[in-house]
Each structure stands twice: as C-alpha cells, then as structure tokens.
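[1] What follows is a predicted protein model with its sequence.
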Amino acid sequence: MQNVVTLLARLSLIAVLLLLTPIAHAQSAGTILFKSGNAVVLRADQSTQPIQQHDDVLNGDTIDTKNGRVQIGFIDGGKVSLQPETVYKINRYHFSGEEDGSEYALTELIKGGLRTISGIIGHRNHERYQLTTPVATIGIRGTEFTVIYANNQLIMTTNQGSVDVCNQGGCRNAIAGQSIRTNSSTSQPTYTNQTANITAAPPSLTKPIFIQAENLSGDGISEVVTISAMQTTLNSVIGAGNANNQNETPVDTTQPTQDNQTDMLLNGVGLSDRYFNFVLSDGTLASNANNNLSTYQTNDIDLQLISANLDDFYNDNFVTMGRVKGKINNQNFDSLTYIAGNATQAVNLLQLANQNSALQYNVIASTAPVLSNASSTLAVGAPNTVTGNLSVNFATYAYRYGLNVPIGNLTYSLTGADTLTAGSANFSSNANISSNLNNIGCMAGCNGLLLDANGNAASVVGRFIGPNAERAGIQYGFSTGSSGVEAITGSVILGQPNQNVPN
C-alpha cells in the first residue's frame, strides 16, 4: 500500500508542477524522424499543418497521424513511434543537456497506439517522466513499452525495464513481458494475458539510417571488394558442400505480421557482384508467421525477403538472427544473414563502466557459414557450429575475441583485440585469421571483407544488444585469399552466462 501511495503522490506532484510551470510553446522538444500518410500537427496557437520529415516538434504540439505513421526523436535521446489513427500531445518536454532540475518528459496519448523507448530523462529522472491517457497515467523506470488506448480500454505491455500504470483505483507495475489493462479511470489496473500488439501496416519509406561504410555506390550499397574468380585446390578440401538451402521456406507476406522499429546488422553476398554489410538503426521490421524476417525498410534500404532458411534461425527476448534470400532495393542477393535487436543505449553502456571486471560472452547460436564467390553460393556449412567467446571491459573500453568457423574439413580461427568507442554499441575489428590443416585455408592470406565506420577493412562487425548489453551480435566476412573460393560469411549471437542464456 505504501508503494501505491508513493506512486500516486509522485504523479500528483508532476501534475501540480505542470500546472504551475508555464509551457514554453516555442521550445523544440524533438524532431520528426520519419512520417508516412497525411499526418498533421496542431500547434499551440491552434494552427494546423502537415507533418514533414526533419520538422521540429514543439512543446504544446498535438500530433494526429490519421492514416499514417510518425516517429519522433526527442532531445534527450528518447523515441516514440506513433501508429495510424493516433493522437498524441507533447505537454512539456525539456532537457538542457544536463540534469539541472528543469528536465521534464510529460506527454499524453489521447487515442491510438505507440511504442516508446525512453531517453535520459526516463532513465535517470523517473519522477519527471509521465505519459497520461484518459484512463491511467504511465510512469517508468528507464524502459521500453507499447501502449494502446482504444474503445475506452488501455493495454500496456512492457518490452524492457519496468512500467507503472496508475489511476484513481491504484497502481500496478509490469516488468518485461508483462501486460496491464484498465477500462476506466476509477477501476484498478490489472494484469492481463493480452498484449499491446501494434497493428501491421506497410512500413514507412522514410527511416533514419546509419550505414557502416562510407564509400557507397550509387545505389546506396556499401561496396566492399570484388575478388577475381579463379580455380582452387581448396575445393577438394572443403568439398562442393550444399550450396542450396535444405529447409528453405518462401516468405508468405500475406500471413499476419509483427511490425516494429528495431536496429539491424546485415551481411551478405550477391548484390551486383559485391559483398556488403550494413549497420542500420530504427528501420521498420515485419516478420512472417514463423517470426522470421519478412521485410525491413529504412529511408535508403528496402529489404524484401523471398525465402528464409528455418534451420538458420534464432530468437530470444533480446535478439533475432537468421539467414535468408531476397532483394535489397530491388536487386537480388543470394545469401544474407541478419541480426535484429535494439542496440544498447549510450547511457546504459556508460553505466556498465562501473563493472569491476570484464564481462564474458559465449557463443549461443550461429548461422551456417556460407562460402561464396561474388556472384553465387558455393557451399554452406551447418548452423550452430561456430564456437568462441568475447571478453569486454566497459571501464577501459578494451575487448578481446576468438571465433572458430568450421566449413567442410576446414576450421577458420579469427582472433583479435581492440577498443570500443565510448557510448557506442557498435564495434568492428580486423582479426588475425588462420585455419587448420597446416593453414591450407589461408595459405594465400585471409583478409577481412567487411567495412568499419571509416570505410576500412574489417573481418568482424558487432553490436551490443539489449538494455544492459545482454547480447552481442557479431557478423564475420573474410576472403580465403585463394582462387575460386572467394569469401566466408555468417552471423553469431553471444550471451553472458548469467543472463538467462538458453542451454
């Protein structure tokens, strides 16, 4: 009962502060990251205007998405994705860049649905973050959640962190995976098996994108290298392998899909005779009935899947990984692996610097290594056969890694040590690469085929995923340096032993 009283008192204090403090209507609260459809904004002066990408969002603005979608990036790093038929108001959003007591994140969902990831205010100043609805008020403790309010019913699902739902009837708290429902402002919120599922719709074509490679070709694809095709004696060692997917299933886009914004790593071969890799953020991902990737779209990338290999698929509460075929920007690719999941936010990465020792990650899943030349797949290994580990000291930014990648009779070893960039979830490195059988797989020299953020060669590209870096996703790509056998590519998921890693 004391917790309920404390929560209600906290929420009441915010309401009083909001009434007593004049709203600076002209102050920018954030920026429109993307929009689709005919969404409009009602300004505090009662003027209405269409929403455009890159527009400022001001205190006092009310956004009506109508038949479209809108994503807002707030000044403290928070984000909100508004669904069709949603009305959302920014009552007061202020952040000076420092925690000086003036920060507020007070917004209102009048109707519809949204998914939000809190920024610095929600992570550090819980009492100053509040989302109100007609039937309840939502407070958080540094989190990500989805909420739908329709037909006088509110359903809130916590995706990460912890969320309080309060009204005159009392309060309930939901941690990740739990949902809360209430039908009026006077009835106590209750736990429910229903989830706040965002309805599927055609993804927006205007999403922010962060591409790892700087030297982009005219079609927006990162151009890595193209190695001359030659014959090799390695074919007899590796064997022809199985260049076709054994359990390949067409992606049925007519099936019900899940649609949400997330971050992704892409790595593959077969795009206009090029190898490629992307580091993407905040694209719209839709999955098919089997939860495998169906589409992924940003403002520069339109990824449409034709088939997915069900043997090469991994999913848990933090990350999804798979191997697929399809098209990027209407160009065919023969083999692609993806790692999808929300990148660890900068504020959480900086908090991990308080760890007294390095965090250890072990491989928990991997796609089948794919051996290919620049235009076709030559051989495919077996899923979940890559082994290895990653050691990370977030205080000193130092990390070490080792991966063993088997394909046919050869096993390639990738080892290295490098440093992280403070506050960044992304990392990359050019490994030392060797192979067994007297190094026959690398006799002519094995080299990285991927690109880091500066356009330099890399053999591993990774990202920390989850609110507290519970997972690390690594993609590898390297040439064998030999004729005929051009490259070996794939993806790996690593987890901390104490973070509920599946057996």
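    Nice, thanks for sending it over. Numbers count the residues shown, from 1 in each chain.
[2] Run through the stretch 51-200 of the chain and note the low-pLDDT ranges.
    99-101, 142, 198-200 (pLDDT under 70).
[3] now the strands for it?
    56-58, 62-64, 69-74, 79-82, 87-94, 104-117, 129-132, 137-140, 144-150, 153-160, 162-167, 170-175, 179-182, 190-192 (DSSP state E, counting those that start in this stretch).
[4] partners of the longest one in the sheet?
    Within its sheet, and counting by DSSP bridges, strand 104-117 is paired with strand 79-82 (antiparallel), strand 87-94 (antiparallel), strand 129-132 (parallel), strand 144-150 (antiparallel).
[5] Outside of the first one itself, list whatever touches it.
    When contacts are defined by Cβ atoms under 8 Å, 6 or more residues apart in numbering, strand 79-82 is touched by residues 33, 39, 63, 65, 69-74, 88, 107, 112-117, 119, 260-261, 282. C-beta coordinates here come from the backbone N, C-alpha and C atoms, glycine included.
[6] Repeat that for the longest one.
    Applying Cβ under 8 Å, 6+ apart, the contact partners of strand 87-94 are 18, 21, 23-24, 27, 29-30, 57-65, 74-75, 80, 82, 102-112, 114, 132.
[7] let's see 6 Å
    23, 29, 59, 61-64, 82, 102-111 (Cβ atoms under 6 Å, 6 or more residues apart in numbering).
[8] Give the buried subset of these as a ChimeraX selection command.
    Filtering these down to the buried ones (16 or more other Cβ atoms under 10 Å) takes a single ChimeraX command:
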select :23,29,59,61,62,63,64,82,103,104,105,106,107,108,109
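[9] what's the span of stretch 449-466 from first residue to last?
    27 Å (Cα to Cα, to the nearest Å).
[10] Give me the distance from that stretch to the chain's centre.
    Taking Cα atoms, centre = their mean, to the nearest Å, the mean C-alpha location of stretch 449-466 is offset from the chain mean by 16 Å.
[11] what comes up buried for it?
    Buried, per 16+ other Cβ under 10 Å, within stretch 449-466: 449-453, 457-466.
[12] What mean pLDDT does that stretch get?
    For stretch 449-466, mean pLDDT rounds to 87.
[13] pLDDT below threshold where in the stretch 351-500 of the chain?
    Those would be 374-375, 481-485, 498-500, if you go by pLDDT under 70 across the stretch 351-500 of the chain.
[14] could you redo the last one with a cut-off of 80?
    Within the stretch 351-500 of the chain, the ranges that satisfy pLDDT under 80 run 356, 373-378, 453-455, 481-486, 497-500.
[15] Tell me which stretches of it form strands.
    Under DSSP E, counting those that start in this stretch, the stretch 351-500 of the chain gives strands at 359-366, 370-372, 377-380, 387-393, 398-407, 410-419, 426-429, 432-435, 447-448, 450-451, 457-458, 460-465, 471-479, 487-495.
[16] possible to save the ones you listed as TSV with distance to F278?
    Putting those into TSV (distance: least, Cβ to Cβ, whole Å) gives the following:
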stretch	distance to F278
strand 359-366	19
strand 370-372	17
strand 377-380	19
strand 387-393	21
strand 398-407	20
strand 410-419	20
strand 426-429	11
strand 432-435	22
strand 447-448	16
strand 450-451	10
strand 457-458	13
strand 460-465	9
strand 471-479	10
strand 487-495	13
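[17] Any figure for the gap between N373 and Y149?
    The gap separating N373 from Y149 is 54 Å, by Cβ to Cβ, to the nearest Å.
[18] How about P84?
    14 Å.
[19] how far away is the closest residue to G423 other than its chain neighbours from E470?
    Closest residue to G423 apart from its sequence neighbours, by Cβ to Cβ, 6 or more residues apart in numbering: A346 at 3.8 Å. A346 sits 16 Å away from E470, going by Cβ to Cβ.
[20] ok, those two, which is more surrounded?
    Shown here are A346 and E470; by other Cβ atoms under 10 Å, E470 has more neighbours (22 against 15).
[21] looking at it, the more buried one is touching F318, isn't it?
    Yes: E470 is within contact range of F318, at 5.2 Å (criterion: Cβ atoms under 6 Å).
[22] rewinding a little: surely the residue nearest to G423 and S424 touch.
    No: in terms of Cβ under 6 Å, A346 does not count as a neighbour of S424; the distance is 7.2 Å.
[23] Contacts only, for V319.
    341, 465, 471, 493.
[24] partner residues bridging the third one?
    Translated: R471. Here R471, judged by DSSP bridges, has bridge partners I465, G495.
[25] show me the contacts for it.
    318-319, 465, 495.
[26] Need those in JSON lines (columns: distance to A398).
    Compiled in JSON lines, these are given as follows (distance: Cβ to Cβ, whole Å):
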{"residue": "F318", "distance to A398": "23"}
{"residue": "V319", "distance to A398": "24"}
{"residue": "I465", "distance to A398": "20"}
{"residue": "G495", "distance to A398": "20"}
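[27] Spatially, which two of those residues are the most separated?
    Spatially, the most separated pair among the contacts of R471 is I465 and G495, at 9.7 Å (Cβ to Cβ).
[28] Go through the strands of the stretch 51-200 of the chain and name the closest to A353.
    Taking the strands of the stretch 51-200 of the chain one by one with Cβ to Cβ, strand 153-160 is closest: 20.3 Å.
[29] Quick one: work out the angle between that closest one and strand 162-167.
    Counting by axes from the mean of the first three to the mean of the last three Cα atoms, to 10 degrees, strand 153-160 lies at 160 degrees to strand 162-167.
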